[in-house]
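*Asks:* give the three-dimensional model of this entry:
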Amino acid sequence: MLCFLGLVWSQEAYITGLIISNEDQTPIHGANIYSKKLGIGTVSQVNGRFVLGNLPHGEISFTISMIGFKDINESLVLNKNNYDLGKISMSTDTIKIKEIVVDAHHELQPHSFASNIDFIGDKYHKNLKSSLALTLDKETGLSIRSMGQATAQPVLRGYTGDRFLLTENGITAGDLSNTSIDHAISMDMASYNKIRIIRGPEALLFGSNTIGGVIDVSRQFNFESRFKKISLSALLGAESSNKSLFGNFVAYFPVDFRQQFRFSILRRNAGNQNSPNGVLDNTALSNHEVTGTYSYFGRASRSIIILEEINMNYGIPGSYEGHIDGVDIKMNKKSQKYNYHKDIFFLGFQTLDMDQRFISYMHSEYEKGNIDPSVRMDQKIFSLQSKLTGNHLTVGSLLQYRDFKAGGFYWTPDAEEISLAIFGMLEKEIKDFTLQISSRAEFLTVIPETSLIYLSNLSNSQVVNRYYPIFAGAVGIYRSWENWKLSLGTMLTGRAPSIEDLYSDGPHLGTYAYEIGKPELDLENTIGVEASLEHSTEKSDIRFTGYHNFSPNYHISTKMGDGYEPGADWIEWGSGTSGWLYKYQMQGLRSRIYGLEFDFQYELLKLINLHGNLSVTRGENISDNKPLAYVPPDNLLFSTELDLKPFSVEMQLKKVLPQTRLGEFETKTSGYFIADLNGSFTIHKSQMTHKFIFQIDNIFDEVYYNHLSRIKLIMPEKGQSFSMQYRLVF
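*Replies:* Now for the predicted structure:
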């Protein structure tokens with residue numbers, strides 16, 4: 001195996017550029033960019049831009065060609081990961097045909113809000129962890145809630161669950177991670193390579209419940225990449241704190257320049273999470289994932305079919321609040337995806353995108369040592385989305401069907417959900433300003449199964465069909481002058497309660513809770529405003545962002561009591577000797593969440609870069625005139641990077657303040673200071689590149705507790721940890 005892996009090396013570099021006509025400076029769509037020696041190519045998009053990826057460092061030659069234009073031959077020496085060619089002008093050429101019409105599409109990407117985050121390339125590699133939340137841990141405005149290493153979930157500006165969207169290439173991830181803290185996100189980040197956090201009016205193109213934003217992930221940097229010969233890549237890694245080993249293997253098999261296959265296999269095994277105070281039992285995990293992709297490239301279209309399966313097994317530690325010996329969870333997700341992209345000329349629209357998905361998801365919870373599940377949750381999701389994009393206008397529609405089933409001791413009724421949405425965004429230049437207006441209208445139907453239901457805290461008569469019309473809208477204004485950029489936005493979002501929020505009535509093992517819904521819950525609407533001011537020079541980039549969100553009906557699951565006496569109305573006895581389960585019930589509160597963010601980057605010397613950020617979040621329960629529960633504490637991060645190509649090293653220092661603004665039944669969490677170190681070393685040899693990445697987390701083995709962790713009363717977060725990655729491609 002090691003001999004075989006020694007034949008491959010890392011996909012590190014990529015080339016970008018904008019191809020335009022020399023005659024009228026308009027973008028050229030459909031130009032071929034191809035490296036004959038490497039057998040890798042791509043085509044320019046409707047806005048003229050292209051990305052040629054999967055390139056080794058060193059000398060590379062490629063040709064840019066387009067019917068009606070003269071070929072351009074380029075040779076470069078790649079000594080960095082990202083090489084931008086800027087504008088490339090193509091001159092027209094005389095060809096002997098009757099007639100040719102060249103019609104260039106224009107820029108279609110919407111203006112990005114200043115607080116958007118792109119997480120790709122070397123930055124992604126150096127911060128890669130198993131889960132999405134841990135990978136993004138150092139980003140501004142992001143916190144983590146968890147019940148152990150497998151269940152780490154991102155928190156955006158204090159928002160959890162489905163108050164922000166988690167999507168893969170623009171469509172829902174299709175798991176149950178947004179419904180409960182013990183449900184792992186069905187993604188291992190070792191098999192992905194691109195993350196984007198989206199805010200502002202653009203977010204409504206993804207969904208109506210986007211007050212916290214959208215986190216969109218992708219396995220491929222560019223779906224337009226084409227290969228003429230077989231390309232193989234691999235990633236191997238290990239971490240000391242949980243004795244984990246993982247590997248991801250990817251292979252591209254081109255049939256011809258129009259057709260290619262992509263196969264990916266991932267495997268990860270990790271032991272129990274370790275801390276300075278000892279081992280946190282029953283937190284081991286294993287992930288197995290297989291993905292197959294077929295791509296067909298037409299003259300003006302692209303079709304992609306993807307089949308995926310992921311299996312995750314992980315543990316939830318025991319607690320005096322819940323099941324003493326812990327809970328084991330098994331998850332399986334199968335996905336079928338089809339994407340069709342076509343360049344068109346219709347009523348001013350320039351592209352048509354259609355996306356169809358079918359997802360089958362199964363989740364089972366076992367009391368430690370039992371072979372039969374005590375809780376089972378399954379769902380099947382079918383979605384069909386279409387989208388037309390033009391120079392200044394995007395419109396689309398989404399049809400989604402969800403079939404949810406619960407089993408075991410989890411007595412939420414089975415249900416069907418049908419959602420229909422139409423959405424659009426208009427972008428217009430007005431003098432020195434750019435105006436964006438977006439809106440989304442949805443209609444959700446929730447149909448619970450009422451023939452066989454078992455409820456003890458709710459009445460069967462309360463379980464009825466619910467209908468939710470949802471309207472969301474946003475306006476954004478952008479202005480750039482000299483070295484300054486200003487982004488202003490306001491947004492109205494809508495979030496319908498899920499079947500679990502409405503009709504749950506039973507124990508949920510993994511959350512240490514007996515969960516009770518609230519059938520009369522209405523929509524959760526939120527009105528938000530955000531402003532960002534950015535100043536950029538050749539050596540520095542500074543950004544200030546402020547936001548304020550108000551909700552008259554904020555849905556939150558709250559503990560009904562905090563006692564220990566059997567039989568009391570706020571306590572529920574668990575099964576056998578497994579422990580106590582507190583009762584939690586959904587509520588609707590008047591609330592507001594607001595905060596301030598600060599980012600800076602500065603090139604101190606040519607080889608030394610400084611970076612820092614500050615996140616301040618406040619939450620208020622206006623109904624009860626007290627702090628809102630489960631709000632992250634303030635934190636400050638500072639890092640310095642020494643880049644001595646081919647070696648680089650970065651020290652990161654993070655200070656988290658104590659959380660003393662507590663909601664009901666919350667406990668104070670002390671502040672802490674931790675230091676991390678990461679770096680990379682790249683070896684270039686002929687057409688081969690080997691990249692080693694190392695990470696040292698919690699260098700000084702600090703004992704610290706995460707305020708949003710449900711296990712902070714049991715054990716601190718992980719202690720000193722060493723990890724190593726080796727990235728390869730052939």
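
*Asks:* number of residues surrounding the nearest residue to residue 160 once chain neighbours are set aside?
*Replies:* By the measure of Cβ to Cβ, 6 or more residues apart in numbering, the closest residue to residue 160 outside its immediate chain neighbours is residue 145, 6.0 Å from it. (Each C-beta comes from the backbone N, C-alpha and C, glycine too.) By other Cβ atoms under 10 Å, 20 other residues sit near residue 145.

*Asks:* can you pull the phi/psi pair for residue 145?
*Replies:* Dihedral pair for residue 145: phi -110, psi 150, per degrees, to the nearest 10.

*Asks:* how about residue 150?
*Replies:* Main-chain torsions, residue 150, degrees, to the nearest 10: phi -80, psi -30.

*Asks:* enumerate every residue touching the residue nearest to residue 160.
*Replies:* Neighbouring residues of residue 145 by Cβ atoms under 8 Å, 6 or more residues apart in numbering: 152-153, 155, 160, 181, 630, 706, 708-710.

*Asks:* change it to 10 Å
*Replies:* Counting by Cβ atoms under 10 Å, 6 or more residues apart in numbering, residue 145 touches 133, 151-155, 160-161, 181, 630, 632, 706-710.

*Asks:* same question for residue 398.
*Replies:* Here residue 398 is in contact with 171-172, 206-207, 355, 383-387, 419-423, 440, 442 (Cβ under 10 Å, 6+ apart).

*Asks:* specify the residue ranges that define each domain of the protein.
*Replies:* Domain ranges of the chain: 13-90, 212-333+343-729, per automatic domain parsing.

*Asks:* reformat these as CSV; add mean pLDDT and distance to residue 167.
*Replies:* Formatted as CSV, those follow (pLDDT from 0 to 100; distance: least, Cβ to Cβ, whole Å):
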stretch, mean pLDDT, distance to residue 167
domain 13-90, 79, 21
domain 212-333+343-729, 89, 5
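
*Asks:* got those domains as TSV, with distance to residue 116 columns?
*Replies:* Shown next, in TSV, are the domains of the chain (distance: least, Cβ to Cβ, whole Å):
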stretch	distance to residue 116
domain 13-90	17
domain 212-333+343-729	8
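
*Asks:* closest to residue 197 out of those domains?
*Replies:* Nearest to residue 197 among the domains of the chain is domain 212-333+343-729 (5.6 Å), distances taken as Cβ to Cβ.

*Asks:* the closest one: end-to-end distance?
*Replies:* Using Cα to Cα, to the nearest Å, the end-to-end distance of domain 212-333+343-729 comes to 37 Å.

*Asks:* centre of the chain to it, how far?
*Replies:* Relative to its parent chain, domain 212-333+343-729 has a centroid offset of 6 Å by Cα atoms, centre = their mean, to the nearest Å.

*Asks:* got the phi/psi numbers for the closest residue to residue 35 other than its chain neighbours?
*Replies:* Nearest non-adjacent residue to residue 35, counting by Cβ to Cβ, 6+ apart: residue 62, 4.2 Å away. Backbone torsions of residue 62, given as degrees, to the nearest 10, read phi -150, psi 160.

*Asks:* correct me, but residue 62 touches residue 55?
*Replies:* Yes - assessed by Cβ atoms under 10 Å, residue 62 is found in contact with residue 55 at 9.3 Å.

*Asks:* circling back: most neighbours out of the contacts of residue 145, which is it?
*Replies:* Highest neighbour count within those, by other Cβ under 10 Å: residue 151, with 28 neighbours.

*Asks:* bridged to residue 543, which residues?
*Replies:* residue 534, residue 599 (DSSP bridges).

*Asks:* ugh, wrong one, I meant residue 621
*Replies:* Listed by DSSP bridges, the beta-bridge partners for residue 621 are residue 591, residue 626.

*Asks:* for it, give me its contacts.
*Replies:* Residues in contact with residue 621, defined by Cβ under 10 Å, 6+ apart, are 554, 556, 558, 587, 589-592, 627-629, 631, 663-664.

*Asks:* ChimeraX command for the buried members of the residues you listed?
*Replies:* Here is the ChimeraX command that selects only those of those that count as buried (16 or more other Cβ atoms under 10 Å):
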select :554,556,558,587,589,591,592,627,628,629,631,663
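
*Asks:* and which of the contacts of residue 621 is nearest residue 491?
*Replies:* Closest approach to residue 491 among the contacts of residue 621 (Cβ to Cβ): residue 592, at 14.3 Å.

*Asks:* ok, now how distant is the nearest residue to the closest one once chain neighbours are set aside from residue 492?
*Replies:* Spatially, and ignoring its direct neighbours in sequence, residue 592 is nearest to residue 550 (4.6 Å; Cβ to Cβ, 6+ apart). Distance, residue 550 to residue 492, using Cβ to Cβ, to the nearest Å: 10 Å.

*Asks:* with residue 668 instead?
*Replies:* For residue 668, the distance to residue 492 - Cβ to Cβ - is 35 Å.

*Asks:* who's more crowded, those two?
*Replies:* A side-by-side neighbour count of residue 668 and residue 492, using other Cβ under 10 Å, places residue 492 first with 18 against 10.

*Asks:* which ones are touching the residue nearest to residue 592?
*Replies:* By Cβ under 10 Å, 6+ apart, the contact set of residue 550 is 525-529, 590-594, 620, 622.

*Asks:* what helix or strand is it on?
*Replies:* Secondary structure from DSSP states H and E places residue 550 in strand 540-559.

*Asks:* could you dump that strand to CSV, C-alpha only?
*Replies:* The C-alpha trace of strand 540-559 is given here as CSV (Å, rounded to 0.1, in the frame of the first residue of the first chain):
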residue,chain,number,x,y,z
SER,A,540,-3.3,45.3,4.8
ASP,A,541,-7.0,44.5,5.0
ILE,A,542,-9.2,45.7,7.9
ARG,A,543,-13.0,45.0,8.2
PHE,A,544,-15.6,46.0,10.8
THR,A,545,-19.0,44.4,10.8
GLY,A,546,-22.0,45.0,13.0
TYR,A,547,-25.4,43.2,13.1
HIS,A,548,-28.7,43.3,15.0
ASN,A,549,-31.5,40.7,14.7
PHE,A,550,-34.9,40.8,16.3
SER,A,551,-37.4,37.9,16.5
PRO,A,552,-40.9,38.2,18.0
ASN,A,553,-41.2,34.4,18.2
TYR,A,554,-37.8,32.8,18.8
HIS,A,555,-38.2,29.0,19.1
ILE,A,556,-36.0,27.4,21.9
SER,A,557,-36.1,24.1,23.8
THR,A,558,-35.9,24.9,27.5
LYS,A,559,-35.4,22.7,30.5
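
*Asks:* quick one: buried residues of that strand?
*Replies:* Using 16+ other Cβ under 10 Å as the test for burial, strand 540-559 gives 541-545, 547, 549-559.
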